[in-house]
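Asker: For reference, the sequence and a predicted model appear below.
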Amino acid sequence: MNDRYYTPSELAKILRVNPRTIVSLIRSGKLEALDVGTGKRSHWRIYEGQYRKFLASSYNSGSGTDV
């Protein structure tokens, strides 16, 4: 598998959603991500495997998440 990491903005473009939606999913714990920021500001990176896992679980569970 590819060791690719995405920023919330990059992933939002792929999924055609607002970057705030991605950050909201991260903060709610629905999408796993790494916080590589320093200080008060977060800089998220989402591993490709994690976002694919999230999509599969959302699709299979019929959770209604709009992503």
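Answerer: Nice, I can see it.

Asker: Tell me where the chain has helices.
Answerer: Taking DSSP state H as the test, the helices found in the chain are 8-15, 19-27, 48-61.

Asker: Show me the one of these that comes nearest Lys40.
Answerer: Distances from Lys40 to each of the helices of the chain were compared by C-beta to C-beta, and the smallest falls on helix 19-27, at 14.7 Å. All C-beta atoms are positioned from the backbone trio N, CA, C, and that covers glycine.

Asker: residues of that closest one that come out buried?
Answerer: Residues of helix 19-27 classed as buried under the neighbour-count rule (16 or more other C-beta atoms under 10 Å) are 21-23, 25-26.

Asker: residue ranges with poor pLDDT in the chain?
Answerer: Along the chain, the model assigns pLDDT under 70 to residues 1-2, 61-67.

Asker: Next, format the helices of the chain as JSON lines and append distance to Arg41.
Answerer: Formatted as JSON lines, the helices of the chain follow (distance: least, C-beta to C-beta, whole Å):
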{"stretch": "helix 8-15", "distance to Arg41": "13"}
{"stretch": "helix 19-27", "distance to Arg41": "12"}
{"stretch": "helix 48-61", "distance to Arg41": "21"}
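
Asker: Show me what whichever strand in the chain runs longest is packed up against.
Answerer: Of all segments of type strand in the chain, defined using DSSP state E, the longest is strand 44-47. In terms of contacts (3 or more C-beta pairs under 8 Å, 6 or more residues apart in numbering; DSSP states H and E), strand 44-47 is packed against strand 5-6, helix 8-15, helix 19-27, strand 34-35.
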